[in-house]
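Asks: I would like to see how this sequence folds:
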Amino acid sequence: MLKMSVGLWMVLAGSLAFAHGAGYEADVNAEVLTLRFFYSVGEPMADTEVIVEDPEGEVWQRGYTDGAGRFSVTPNAHGAWRVEADDGLGHQVVAAVAVGAEGLSAGKRQAQVTVPPLLLFGLLLASVVANVALLLALRGRGSKG
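Replies: Okay, here's the model as predicted:
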């Protein structure tokens with residue numbers, strides 16, 4: 001039973017360590033910037049919330065990616081724009097968009113995997129329970145021998 005518990009815990013921990021990230025690709029066509037948001041395994045971030053902030057840091061546009069993870073925006077002012085895609089499941093991608101006299105350009109791909117606080121609490125609780133169970137099992141073994 002102990003080996004099975006330890007094995008199960010190792011599988012769960014390993015799957016969490018293999019969590020994938022996310023990123024984006026930019027396609028500039030005249031005055032329109034189309035960003036394609038995707039997970040690191042290539043799957044599109046479909047139906048993901050997107051928030052566009054203007055150079056003043058104000059929310060300029062809200063929307064959702066299409067089924068292919070694409071979202072288009074047409075900035076109307078020069079400066080540094082911020083486009084954030086957040087799937088609500090721990091994957092957040094921020095695109096830095098520069099609008100200047102020479103046109104639009106998107107910064108380098110920035111990927112971030114965040115873990116929701118409730119999930120962190122659940123992982124902490126599972127860790128405590130697993131460690132207590134392991135301690136009790138080892139203690140029981142020690143008193144028999």
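Asks: What residues are bridge-paired with the residue at minimal distance from the centre of the chain?
Replies: The chain has His91 as the residue nearest its centroid, 1.3 Å off, counting by CA atoms, centre = their mean. Using DSSP bridges, the bridge partners assigned to His91 are Val113.
Asks: doesn't Gly21 make contact with it?
Replies: Yes - counting by CB atoms under 8 Å, His91 touches Gly21, with 7.2 Å between them. Heads up, the C-betas are built off the backbone N, CA and C, glycines and all.
Asks: which parts of stretch 85-98 are buried?
Replies: Across stretch 85-98, burial judged by 16 or more other CB atoms under 10 Å covers Ala85, Asp86, Asp87, His91, Gln92, Val93, Val94, Ala95, Val97, Ala98.
Asks: whoops, stretch 57-71 was the one
Replies: Under 16+ other CB under 10 Å, the buried positions of stretch 57-71 are Trp60, Thr65, Gly69, Arg70, Phe71.
Asks: gap between that stretch and the chain center?
Replies: Taking CA atoms, centre = their mean, to the nearest Å, the mean C-alpha location of stretch 57-71 is offset from the chain mean by 16 Å.
Asks: Output that stretch as PDB, restricted to C-alpha atoms.
Replies: What follows is stretch 57-71 as a C-alpha-only set of coordinates in PDB (Å, rounded to 0.1, in the frame of the first residue of the first chain):
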ATOM      1  CA  GLY A  57      -2.800  51.700 -19.400                       C
ATOM      2  CA  GLU A  58      -6.500  52.000 -19.900                       C
ATOM      3  CA  VAL A  59      -8.600  49.100 -21.000                       C
ATOM      4  CA  TRP A  60      -9.300  49.900 -24.700                       C
ATOM      5  CA  GLN A  61     -10.900  46.600 -25.800                       C
ATOM      6  CA  ARG A  62     -12.000  43.300 -24.400                       C
ATOM      7  CA  GLY A  63     -12.900  40.200 -26.400                       C
ATOM      8  CA  TYR A  64     -12.200  36.500 -26.900                       C
ATOM      9  CA  THR A  65      -9.900  34.600 -29.300                       C
ATOM     10  CA  ASP A  66     -11.500  32.600 -32.100                       C
ATOM     11  CA  GLY A  67     -11.300  28.800 -32.400                       C
ATOM     12  CA  ALA A  68      -7.800  29.000 -33.800                       C
ATOM     13  CA  GLY A  69      -6.600  31.200 -30.900                       C
ATOM     14  CA  ARG A  70      -6.500  34.400 -33.100                       C
ATOM     15  CA  PHE A  71      -7.400  37.900 -32.000                       C
END
